[in-house]
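**Q** predicted model follows, preceded by the sequence.
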Amino acid sequence: MIIKKLADSELEIMKAIWTMDNSEADAPSTITAAEILSAFDKKHWKTQTVNTFMTRLVDKGLLSVEKRMKTNYYTPLITEREYQQFEAQNMLDSVYNGSLHSFLSALFGEKVNTKEIEQLKDWFEKASIDD
């Protein structure tokens, strides 16, 4: 699956969907636009605004849609973790030319404590990275 970068509002909606999708089953839960709209009461978004975002998310391949009677049911096709990995790799590639060392240097500078260094060493030892 090719993941596409999300606009801020689209990501906000996906985060709400991932939060609502608390299923432990193999298949994610379905969510209606009305449920999403209710999650954004404070934003005062109109139904058409939410529907537009949902359509964009379907077009980007992050949601599937199934129409039942007059209601669209949306199912996430990607997990929050998968999107986080996509964004992290995208940033690493575009900003740091794929260099984890450059990224960590920018993130921490010289301010890494001993405990963090040990945690990173442990993580690197456990990680299997294909070259």
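**A** Looks like it came in fine. Residues are numbered from 1 along each chain as shown.

**Q** quick check: longest helix of this structure.
**A** Secondary structure of the chain per DSSP state H: the longest helix is helix 80-96.

**Q** please point out which parts of that helix sit buried.
**A** Y83, F86, Y96 (16 or more other CB atoms under 10 Å). Quick note: C-beta positions are derived from backbone N, CA and C, even for glycine.

**Q** dump these into a markdown table; add distance to K60 and pLDDT as well.
**A** Below are the buried residues of helix 80-96 laid out as a markdown table (distance: CB to CB, whole Å; pLDDT from 0 to 100):
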| residue | distance to K60 | pLDDT |
| --- | --- | --- |
| Y83 | 11 | 93 |
| F86 | 12 | 92 |
| Y96 | 25 | 90 |
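
**Q** how far away is the closest residue to F108 other than its chain neighbours from L104?
**A** Nearest residue to F108, sequence neighbours excluded (CB to CB, 6 or more residues apart in numbering): E116, at 7.7 Å. Distance check for E116 against L104: by CB to CB, to the nearest Å, it reads 10 Å.
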